[in-house]
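>>> Sequence first, predicted model second:
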Amino acid sequence: MHYSPDLIKDWGRVLQKATNATIMHEREFLAYHPSDKFQDCSVILYENSKPMAVFAAHKEGEMVYSHQGLSYAGLIQVPCSFDQKLEQFKALMKYFEALGVSLLQIKETPAFYNSIQDEAMDYIMHLTNAKTIQMELSLTINLPLAVKNKGRKANIKQASRQDLKIIESNEVKSFWEALLLPNLQNRYQTAPTHSHEEMSFLMEKFPGKIRQFNVFKDGLMVAGATVYFSKNCIHTQYLASNSQGRKLNALDALVNYLGNTFAEKYKFLDFGHSNENLGLNINKGLFRWKESFGANSFVHRHYMVPVDGWKKLNKVYKQSS
């Protein structure tokens, strides 16, 4: 069923029960995008009148994307059998085919966000002749943090002697203006995906799920992180420091703080990827910095799915003779 605002409670019921749901899949998170930028084509799938899965998407001509406004999306499901997953995806593709859609592009939600490890959807992608059109390599730390790299351990120890203060803040503007914007521009010639106004809006909508942590030395901000909190994972959406912060290893101290403070409740710290050029290149320095904390690599796949591939899902089961 096509999503409409009167179905927001059903959408929320799926996210509450789904093991792979994150803040990215919340309707309020999607709502900050201007309505004229994306033609919403989101879907809720029901089974016996119960909402069982959601699919955040938008439509452009004969293409449906899930979702260009998000880092990841895909089919978010209440725990169910493989057969139910198969039928849900088949129903989704048949629905889009009826709308005149020919191709479906999906940025899957990385596997470590799922509290139940399951790769059924990857197999279903294979069955539909989906093509992997892009990959990134996400780096993720198993919590609690256990740094083995000698250089990184030395930096963390050195930072502990610098009388650094890590303080949680309820606003992001000062971090954006003092650190994030100049850091991204000067070091990478880029800009953050979100403005500070957008992030402030999201923080108000999701209290406790988006949090800001800043590092101070003698009252001056030298580093900071904007962190998303999901069911089993925390994600450093933005990390930045200035030249003084780099000399003091302030980000090392901050990652160490996050990786130990929240280890009791969360299983992973997601650093995100360090890819460029549609995943074909890696920022070596950034990648090695993340890896030195003990982060492991996870593939983040982007699929292109022919919508008529649902027909192949009818031939999965071989009848016993």
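Here it is on my side, so go on.
>>> what ranges do the helices span in the protein?
When assigned using DSSP state H, the helices of the chain occupy the ranges 8-17, 27-30, 82-98, 120-127, 150-159, 173-175, 181-188, 196-205, 243-247, 250-261, 284-291.
>>> buried set for the last one?
Pointing back at helix 284-291 there. Residues of helix 284-291 classed as buried by neighbour count (16 or more other Cβ atoms under 10 Å): 286, 287, 289, 290, 291. (Glycine included, C-beta is placed from N, CA and C.)
>>> So residue 255 is in contact with residue 293, correct?
Yes. When contacts are counted by Cβ atoms under 8 Å, residue 255 is listed as touching residue 293 (6.0 Å).
>>> Please enumerate the shared neighbours of the two.
Here residue 255 and residue 293 share the contacting residues residue 145, scored by Cβ atoms under 8 Å, 6 or more residues apart in numbering.
>>> Same drill for those two, tell me which one is more crowded.
Of the pair residue 255 and residue 293, residue 255 is the one with more neighbours under other Cβ atoms under 10 Å, namely 25 against 22.
>>> Now do the phi/psi pair for residue 192.
Its backbone dihedrals place residue 192 at phi -70, psi 150, with angles given as degrees, to the nearest 10.
>>> surely it meets residue 177?
No. Using Cβ under 8 Å, residue 192 is not in contact with residue 177; the gap is 11.5 Å.
>>> pLDDT weak spots in this protein?
Within the chain, the set of residues satisfying pLDDT under 70 comprises 33-36, 320-321.
>>> number of nearby residues for residue 308?
Should you count by other Cβ under 10 Å, residue 308 turns out to have 16 residues around it.
>>> Run a quick neighbour tally on residue 79.
When neighbours are defined as other Cβ under 10 Å, residue 79 has 15 of them.
>>> Report the contact partners of it.
Contacts for residue 79 (Cβ under 8 Å, 6+ apart) come out as 17, 18, 19, 116.
>>> Just the buried subset of these, please.
Among the contacts of residue 79, those that count as buried by neighbour count (16+ other Cβ under 10 Å) are 18, 19.
>>> quick one: which of the contacts of residue 79 is nearest residue 261?
Comparing these against residue 261 with Cβ to Cβ places residue 19 closest, at 24.0 Å.
>>> Which one of residue 192 and residue 177 is surrounded by more residues?
Taking other Cβ under 10 Å, residue 192 and residue 177 do not tie; residue 192 has more neighbours (18 against 11).
>>> ok, the more buried one to residue 226 distance?
When distance is defined by Cβ to Cβ, to the nearest Å, residue 192 is 9 Å away from residue 226.
>>> between the two, what contacts are shared?
Each of residue 238 lies in contact with both residue 192 and residue 226 under the rule Cβ under 8 Å, 6+ apart.
>>> quick one on the thing from earlier: now distance to residue 57 too, for the contacts of residue 79, in JSON lines please.
Output for the contacts of residue 79, formatted as JSON lines (distance: Cβ to Cβ, whole Å):
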{"residue": "17", "distance to residue 57": "20"}
{"residue": "18", "distance to residue 57": "16"}
{"residue": "19", "distance to residue 57": "21"}
{"residue": "116", "distance to residue 57": "24"}
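>>> Quick check: phi and psi at the residue nearest to residue 146 when sequence neighbours are not counted.
Distances taken as Cβ to Cβ, 6 or more residues apart in numbering put residue 294 closest to residue 146, at 6.0 Å, once the chain neighbours are dropped. The phi and psi torsions at residue 294 (degrees, to the nearest 10) take the values phi 100, psi 20.
>>> Just confirm residue 294 contacts residue 147, I think it does.
Yes. Using Cβ under 8 Å, residue 294 makes contact with residue 147 at a distance of 5.7 Å.
>>> Residue 2 pairs with what?
residue 43 (DSSP bridges).
>>> quick one: it and residue 24, what's the gap?
In this structure, residue 2 lies at 20 Å from residue 24, with Cβ to Cβ as the measure.
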